[in-house]
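Enquirer: show me how the following folds:
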Amino acid sequence: MGELDNASALARLRERFIAHIAVERGLSAATVAAYESDLGKYFAWLGERGIDDPAHISRRDVEDYVAHLDAAGDSARSKARRLASVHMFHRFALAEHVVADDVSAAVKPPKGAGTLPDVLTVDEVARLLDAVPQPAVKPAVMGERGASVVSAEDAVLLRDKALLEFMYATGSRVSEAVGADLADIDLDEHVARLTGKGSKQRLVPLGTYACEALHRYIAAGRPALESAAKTKPERRAIFLNKRGKRLSRQSVWEIVRLAGERAHIDKPLHPHTLRHSFATHLIQGGADVRTVQELLGHASVTTTQIYTHVSPENLIETYLTAHPRAR
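Expert: Below you'll find the model as predicted:
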């Protein structure tokens, strides 16, 4: 207890806050880590100002911190997220009767610049998904028991193809994809169960391409990866790494990046690019916003509405066909 006793009042409250969101509120490890990271930056900045007691933080301090983030070049989204963490911390301090009022309450997040999410065209998605070379797997050995024997390299290729198809077919978050278990998919019914934020579950369809890629991987690739485990093999997870353990979020970033290089796509690529593209292509194909909201697992339709933007190509085409003096 000595180290904690010697810590500043701010540091002690921070530890209580982290324990509160992790244990009492039951937030995911990734969400807790995000709060720790955001507040770590906030407390480091307060420390540079000589502030080590939550009672000494003023509204001006919070406003100056937001200005500091702006000067550091943080995006509007990053600033909004970090300020949200600050808001939650100060509300916790008030609820714990550590401070008399919430000095952050009146500080509003900066308005975004209206930037649209990174989205691939349908053709670019096809190139990305087809960029992973696929080994030949004989149909005769693709039985229900998955007795096929493939090399470690081929197993990884089968996995990467199945992962990319799964993420585009379902619009899943990266955490939902790596967290998916074999029991969560039904390839006969073409459906997957995803567990999103707050442990909320939803059912999403699986297209034919995704089902075929998953079938090949589960029958031939996954057994090879599972057998590579040096300790107790992973029996539940769909997607495994080369050591037979559940695939990590960081590995998914690398898989998407490599596929983008193979497909010669110059746009910035990350796992969420497939989710953004999934939503945008559904909207462009005629799906209504409420349906896309359910498929994405958004709590509010407002979040989904960013995907209702009109592409420049569609805008120009509509203008040329609709305006009486466009031609």
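Enquirer: quick one: Tyr209 from Leu194, how far?
Expert: Note on Tyr209: its distance to Leu194, by Cβ to Cβ, to the nearest Å, is 18 Å. To be clear about C-beta, it is placed using only N, CA and C from the backbone, and glycine gets the same treatment.
Enquirer: which one of those two is surrounded by more residues?
Expert: Neighbour count, other Cβ atoms under 10 Å: between Tyr209 and Leu194, Leu194 has more, with 23 against 15.
Enquirer: run through the bridge partners of that one.
Expert: Arg202 (DSSP bridges).
Enquirer: return the residues in contact with it.
Expert: The contact partners of Leu194, by Cβ atoms under 8 Å, 6 or more residues apart in numbering, come to Thr170, Ser172, Glu176, Ala180, Asp184, Gln201, Arg202, Leu203, Val204, Gly297.
Enquirer: in three-state terms, label the closest residue to the first one other than its chain neighbours for me.
Expert: I take that to be Thr170. By the measure of Cβ to Cβ, 6 or more residues apart in numbering, the closest residue to Thr170 outside its immediate chain neighbours is Val204, 4.6 Å from it. At Val204 the chain is in strand, as set by DSSP: H, G, I helix; E, B strand; the rest coil.
Enquirer: list the buried residues in stretch 26-35.
Expert: Leu27, Ser28, Thr31, Val32, Tyr35 (16 or more other Cβ atoms under 10 Å).
Enquirer: need the next SSE after the worst-scoring helix or strand of the chain on mean pLDDT, C-terminal direction.
Expert: The weakest-scoring helix or strand in the chain, judged by mean pLDDT, DSSP states H and E, is helix 2-6 (a mean of 40). Going down the chain from helix 2-6, the next helix or strand is helix 9-19, by DSSP states H and E.
Enquirer: by contact count, what packs against whichever helix or strand comes after that following helix?
Expert: Using DSSP H and E, the helix or strand that follows helix 9-19 towards the C-terminus is helix 29-48. With contacts defined as 3 or more Cβ pairs under 8 Å, 6 or more residues apart in numbering; DSSP states H and E, helix 29-48 has these neighbours: helix 9-19, helix 59-71, helix 76-95.
Enquirer: now do 6 Å
Expert: The contact analysis (3 or more Cβ pairs under 6 Å, 6 or more residues apart in numbering; DSSP states H and E) places helix 29-48 against helix 76-95.
Enquirer: using CSV, write down the CA coordinates of the helix it packs on.
Expert: In CSV, the C-alpha atoms belonging to helix 76-95 read as follows (Å, rounded to 0.1, in the frame of the first residue of the first chain):
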residue,chain,number,x,y,z
ALA,A,76,-11.6,16.1,-34.5
ARG,A,77,-12.6,12.5,-33.8
SER,A,78,-9.6,11.9,-31.5
LYS,A,79,-10.2,15.1,-29.6
ALA,A,80,-13.8,14.3,-29.2
ARG,A,81,-13.0,10.8,-27.9
ARG,A,82,-10.3,12.1,-25.4
LEU,A,83,-12.7,14.8,-24.2
ALA,A,84,-15.3,12.1,-23.6
SER,A,85,-12.9,10.2,-21.4
VAL,A,86,-12.2,13.4,-19.5
HIS,A,87,-15.9,14.1,-19.1
MET,A,88,-16.5,10.6,-17.7
PHE,A,89,-13.6,10.9,-15.2
HIS,A,90,-14.9,14.3,-13.9
ARG,A,91,-18.4,12.9,-13.6
PHE,A,92,-17.0,10.0,-11.6
ALA,A,93,-15.1,12.5,-9.3
LEU,A,94,-18.3,14.3,-8.7
ALA,A,95,-20.2,11.1,-7.9
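Enquirer: got the buried residues for the helix or strand that comes right after it?
Expert: Using DSSP H and E, the next helix or strand after helix 76-95 towards the C-terminus is helix 122-130. Within helix 122-130, the residues that count as buried by 16+ other Cβ under 10 Å are Glu124, Val125, Arg127, Leu128, Leu129.
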